[in-house]
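Engineer: can you look at this prediction? I've put the sequence above it.
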Amino acid sequence: MVNPSTSPNEHLVQYYDELVEYISFKIGNRQIALDVVQETYVRVFQRPEQFFNLLNPIAFLKKVSINIALDNLKKNCEPKSFKRRR
């Protein structure tokens, strides 16, 4: 659990490199991973209270980052590449 006496910023810095490596490995592009992690941090800064009571902050950050990465990949893909299964 994150200690309430420390700012969430300290924990974000702690997980930054690990998060960039994780996203980079998952999507295969370090530059996109850096952008995704930046967007993740912006979202967390917008609602820092969600970061304080987490038992596993890195798991939360990874989940948010992966969701952002997938959203970005979907936006940048041509519509033909997403075919619906019936």
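Structural biologist: Looks like it arrived, so ask away.

Engineer: let's test this: name the helix or strand in the protein with the lowest mean pLDDT.
Structural biologist: helix 49-52 (a mean of 76; mean pLDDT, DSSP states H and E).

Engineer: which elements pack onto it?
Structural biologist: Secondary-structure packing of helix 49-52 (3 or more CB pairs under 8 Å, 6 or more residues apart in numbering; DSSP states H and E): helix 8-27. For glycine as for every other residue, the C-beta is placed from the backbone atoms N, C-alpha and C.

Engineer: who does the helix it packs on touch, helix- and strand-wise?
Structural biologist: Looks like helix 8-27 contacts helix 30-46, helix 49-52, helix 57-76 (3+ CB pairs under 8 Å, 6+ apart).

Engineer: need the residues that contact that helix.
Structural biologist: 2, 30, 32-34, 36-37, 40-41, 44-45, 48, 51-52, 57-58, 61-62, 65-66, 69, 73 (CB atoms under 8 Å, 6 or more residues apart in numbering).

Engineer: what about residue 59, distance to residue 42?
Structural biologist: 19 Å (CB to CB, to the nearest Å).

Engineer: please name the residues that touch the residue positioned nearest the centre of the chain.
Structural biologist: Nearest to the mean C-alpha position of the chain, by CA atoms, centre = their mean, lies residue 65 at 1.8 Å. Residues in contact with residue 65 (CB under 8 Å, 6+ apart) are 19, 22, 23, 36, 37, 40.
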